[in-house]
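Engineer: model this:
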Amino acid sequence: MNYLYHNPRCSKSRAALQFLTEENIEFETILYLETGLSEAEIKDLLKYLNLEPIDIIRTKEEIWKTEYKGKSLTDEDIIQALIKYPKLLERPIYVENEQAVIARPLEKLQEFIKNNH
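Structural biologist: Okay, the predicted model is just below:
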């Protein structure tokens, strides 16, 4: 199954949702702000994206600036921050066949789909 980590309030996330729908791609929407993120889920995303934890953090979020910016954090610390504050997750993220892409800008998702279909 394919998944879109989606925040309905985010225009980039809505654009990704619309694109996947228009392309008739079957996927499940994960409203991660409602469901939260597990440690296993985050580690899978990192593996599928081939990125480090800091690479999927929204460093401009106020909570990051006040709670974490400038501190010496381990990868595990960053993962725990994502569990505590799922809004820190960069969005949207599309997952397909144990591969993933941060779909911002939308062209990254379009390229990913083109290369995998």
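
Engineer: residue boundaries of the helices in the chain?
Structural biologist: Ranges of helices in the chain, per DSSP state H, are 11-22, 32-35, 39-49, 62-67, 75-84, 106-116.

Engineer: in TSV: those helices, plus distance to I56, mean pLDDT and mean neighbour count.
Structural biologist: (Glycine included, C-beta is placed from N, CA and C.) Listed next are the helices of the chain as TSV, based on distance: least, C-beta to C-beta, whole Å; pLDDT from 0 to 100; neighbours: other C-beta atoms under 10 Å:
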stretch	distance to I56	mean pLDDT	mean neighbour count
helix 11-22	14	97	16
helix 32-35	12	97	15
helix 39-49	7	98	16
helix 62-67	12	96	12
helix 75-84	8	98	16
helix 106-116	14	95	14
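
Engineer: beta partners of the residue sitting nearest the centre point of the chain?
Structural biologist: Central residue of the chain (C-alpha atoms, centre = their mean): I93, 3.6 Å from the mean position. Beta-bridge partners for I93, by DSSP bridges, are Y5, I102.

Engineer: hang on, it packs against Q99?
Structural biologist: No. Taking contacts as C-beta atoms under 8 Å, I93 lies outside contact range of Q99: 11.1 Å.

Engineer: endpoints of stretch 87-100, how far apart?
Structural biologist: 19 Å (C-alpha to C-alpha, to the nearest Å).
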